[in-house]
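K.L.:
Predicted model, plus sequence, below.
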Amino acid sequence: MPLPPPAKPIRFANQESVIGTYTAINEMNAVLDISLKNNELYLTVPKMHGVPYKFKLVPVSHDSTRTTFITKMINEQLVFRFSASGEMERVEYTDYFRNNHILQRISTSSSLKLGIDNLVTKTNTDIATVMHEPCD
């Protein structure tokens, strides 16, 4: 897989608007978490064998309808799409293998920020809890 493109960060003042816990709609048995630490955004996402990895999110483009972030260490991307009123409509996540996933927010607070030691994994019909250690 290719290395990520060089990150040319832009100023993004509304960081709190993207903090939260997300799950993919009808696919990808995982929960992604976006947290804020030292005024920087981080994506925590399970990788091989469900091990959570934490990557810095770098804002690279922003306008009234969408904000795009890339991860600093691997080639992944998050695109947040907003309505004309500023409400988040959906999130598109492109993973390292260039697979695209549509995410929905399941919590407006980061589970890591709250110190919760559980990630919730969504299956087709039920919800299972997976224990993990926070990645700080």
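P.N.:
That came in fine, so what should we check first?
K.L.:
I'd like to know how far residue 51 sits from residue 30.
P.N.:
From residue 51 over to residue 30 the distance is 11 Å, taken as C-beta to C-beta, to the nearest Å. To be clear about C-beta, it is placed using only N, CA and C from the backbone, and glycine gets the same treatment.
K.L.:
Of these two, which one has the most company?
P.N.:
residue 30 (20 against 11; other C-beta atoms under 10 Å).
K.L.:
quick one: pLDDT of the more buried one?
P.N.:
pLDDT, the model's per-residue confidence, is 77 for residue 30.
K.L.:
Which neighbouring elements make contact with the strand of greatest length in the chain?
P.N.:
Among the elements of the chain assigned as strand by DSSP state E, the one spanning the most residues is strand 52-62. In this structure, strand 52-62 packs against strand 40-46, strand 66-71, with contacts taken as 3 or more C-beta pairs under 8 Å, 6 or more residues apart in numbering; DSSP states H and E.
K.L.:
Cool, thanks, talk later.
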